[in-house]
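> Below are the sequence and a predicted model for it; my questions follow.
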Amino acid sequence: QVQLVESGGGLVQPGGSLRLSCAASGSIFTINRAAWYRQTPGKQRELVAQISRGEITRYADSVKGRFTISRDNAKNMVYLQMDSLKPEDTAAYYCNVEAILPTTYMFLEVWGQGTLVTVSS
């Protein structure tokens, strides 16, 4: 079984920064791709940033130049550095990981429980 735990959310003023962390634990050989999504009430969950196993990244247009996704393969960690935050970035942020399982090398998609980011003065 694989679990994801996000942390780092909170209240920040416009223009501020936050760093979200996602810790993967359990029976994992390695993480293939990883991503951060966000969701606000009444809206669909949207992709914010994604990073491949080869560390190729892509971002939603709304966060390009402000957010940076990264990973630490040795620790099975994924991060989202969020700078120049805007009120419209307020949302619940979810970590999403495609884990590769040991022995079978099968792929398993896992979601975290979410962490709330509020950007407000």
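That came through, no problem.
> Now for the residue sitting furthest away from the middle of the chain, which secondary structure element holds it?
What lies farthest from the middle of the chain is residue 103; by CA atoms, centre = their mean that is 26.4 Å. When elements are assigned from DSSP states H and E, residue 103 belongs to no helix and no strand.
> Pull up the gap between the closest residue to it other than its chain neighbours and residue 98, please.
Of all residues not flanking residue 103 in the chain, residue 29 sits nearest, at 8.0 Å (CB to CB, 6 or more residues apart in numbering). Placement of C-beta: from N, CA and C, glycine included. Computed with CB to CB, to the nearest Å, the distance linking residue 29 and residue 98 is 12 Å.
> again, but for residue 50
Relative to residue 98, residue 50 is positioned 10 Å away (CB to CB).
> and residue 40, what pLDDT?
Residue 40 carries a pLDDT score of 97 in this model.
> Ok, residue 10 next?
97.
> and the residue nearest to it when sequence neighbours are not counted, how many residues sit next to it?
Closest residue to residue 10 apart from its sequence neighbours, by CB to CB, 6+ apart: residue 18 at 6.6 Å. When neighbours are counted by other CB atoms under 10 Å, residue 18 registers 21.
> List the contacts of residue 18.
8, 9, 10, 12, 82, 85, 117 (CB atoms under 8 Å, 6 or more residues apart in numbering).
> what's across from it in the sheet?
Residue 18 has the following beta-bridge partners by DSSP bridges: residue 82.
> Quick check: which element contains the closest residue to residue 22 other than its chain neighbours?
In space, and not counting its chain neighbours, residue 22 is closest to residue 95: 3.4 Å by CB to CB, 6+ apart. Residue 95 belongs to strand 91-100 when assigned by DSSP H and E.
> what comes into contact with that strand?
For strand 91-100, contacts defined as CB under 8 Å, 6+ apart pick out 2, 4, 6, 9, 20, 22, 24, 28-40, 45, 48, 78, 80, 106-117.
> Same question for stretch 33-42.
If you take CB under 8 Å, 6+ apart as the criterion, stretch 33-42 is touched by 20, 22, 45-53, 69, 71, 78, 80, 89-98, 114, 117.
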